[in-house]
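Novice: With the sequence up front, the predicted model follows.
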Amino acid sequence: MDGYLTKKAAIKEALPTIFGYIGISVAFGIIGKASGFSTIEVSLMSLIIYAGSVQLTTLNMLIAGSPIASIVLAAFLVNSRVILMSTTVAGYLKQENLKRNILIGTFLTDESFALSMNKINYTNGKLNFTWFNTVNIISYLTWQAGTLLGAILGGFITDPKKLGLDFAIVAMFIGLLYLQVLGDKNLNKILQIIVILISFALTYLLTIVLPANLVVIVVTLIGCSLGMVLKHVFF
């Protein structure tokens, strides 16, 4: 990464995340087609919903014959973490107008959020619409292409796990986490590692007692709070 907030920089920096998008979107396309949905239906789901976990949840609920109201509520709960991410990102885009901020928030994903949090380590805490929108466009187009490819392949591949596609998104986030720790010059590395380990432990423990869609939100709130306390008390 570098300190430039241009389209060229955004394209270069978004490229590593493409593999993660392709992995999960292709897997979704395959699963959707294998579940009896047409290529058009699977593609429209990605075009309109554009959220991997929500799309898989919606797919399962449609198959189960769940009412629309239940699907909408489940989608909101599963993707409610985006509210936290959008609030964080908005703090770095105060110079942009409301329309641009809404556009950024609408297409914000876990990956583009993580990428932006890495980027601020090289730009003195600055972000702009040009850089962020370019990242979002690349992400959106990649997601659509991956879904279409997966839907086409769905007639030939019945189990995407055999190809390791389900691990692609995990591998991508491990890489982004590594870059975040490596690039952040403002926080003590020991503090970052402690918070990461705490977050891992909380995720494991809370998965046992909480619904999966709430775990990310709860761990985020607890992890951030503990990190803030540790920083001010010990670092």
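Specialist: Received, thanks.
Novice: Tell me how many other residues surround Gly155.
Specialist: Counted with other CB atoms under 10 Å, the neighbours of Gly155 add up to 11. (C-beta placed from N, C-alpha, C; glycine too.)
Novice: Tell me how far stretch 191-202 lies from the chain's centre.
Specialist: For stretch 191-202, the separation from the chain centroid amounts to 19 Å (computed by CA atoms, centre = their mean, to the nearest Å).
Novice: in that stretch, what's buried?
Specialist: Applying a neighbour-count criterion of 16 or more other CB atoms under 10 Å, the buried positions in stretch 191-202 are Gln192, Ile194, Val195, Ile198, Ser199, Leu202.
Novice: Skip ahead from the helix or strand of the chain with the lowest mean pLDDT and say which helix or strand is next.
Specialist: Taking all helices and strands of the chain together, the one with the lowest average confidence (mean pLDDT, DSSP states H and E) is helix 168-183, at a mean of 65. Helices and strands here follow DSSP states H and E; after helix 168-183, the next one along the chain is helix 189-209.
Novice: Please export the C-alpha coordinates of that following helix as PDB.
Specialist: In PDB, the C-alpha atoms belonging to helix 189-209 read as follows (Å, rounded to 0.1, in the frame of the first residue of the first chain):
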ATOM      1  CA  LYS A 189       2.200  -4.600  18.400                       C
ATOM      2  CA  ILE A 190       1.800  -6.500  21.700                       C
ATOM      3  CA  LEU A 191      -1.500  -4.700  22.400                       C
ATOM      4  CA  GLN A 192      -2.700  -5.600  18.900                       C
ATOM      5  CA  ILE A 193      -1.800  -9.300  19.400                       C
ATOM      6  CA  ILE A 194      -3.500  -9.400  22.800                       C
ATOM      7  CA  VAL A 195      -6.700  -8.000  21.400                       C
ATOM      8  CA  ILE A 196      -6.600 -10.400  18.400                       C
ATOM      9  CA  LEU A 197      -6.200 -13.400  20.800                       C
ATOM     10  CA  ILE A 198      -9.000 -12.100  23.000                       C
ATOM     11  CA  SER A 199     -11.300 -11.700  20.000                       C
ATOM     12  CA  PHE A 200     -10.500 -15.200  18.800                       C
ATOM     13  CA  ALA A 201     -11.300 -16.600  22.300                       C
ATOM     14  CA  LEU A 202     -14.500 -14.600  22.600                       C
ATOM     15  CA  THR A 203     -15.600 -15.800  19.100                       C
ATOM     16  CA  TYR A 204     -15.000 -19.400  20.100                       C
ATOM     17  CA  LEU A 205     -16.800 -19.100  23.400                       C
ATOM     18  CA  LEU A 206     -19.700 -17.000  22.300                       C
ATOM     19  CA  THR A 207     -20.400 -19.200  19.300                       C
ATOM     20  CA  ILE A 208     -21.500 -21.800  21.800                       C
ATOM     21  CA  VAL A 209     -24.100 -19.700  23.500                       C
END
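Novice: so what's Lys119 up against?
Specialist: With contacts taken as CB atoms under 8 Å, 6 or more residues apart in numbering, Lys119 has the following neighbours: Met1, Leu5, Glu13, Leu127, Trp131.
Novice: Contacts only, for the last one.
Specialist: Trp131 makes contact with Leu5, Thr6, Lys7, Ala9, Ala10, Lys119 under the criterion CB under 8 Å, 6+ apart.
Novice: any idea how far it is from Gly3?
Specialist: In this view, Trp131 and Gly3 are 11 Å apart by CB to CB, to the nearest Å.
Novice: picking up where we left off before, may I see the ChimeraX selection of the buried members of the contacts of Trp131?
Specialist: To isolate the buried members of the contacts of Trp131 in ChimeraX, using 16+ other CB under 10 Å:
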select :5,9,10,119
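Novice: Out of the contacts of Trp131, name the ones that lie in strands.
Specialist: With strands taken from DSSP state E, there is no overlap with these.
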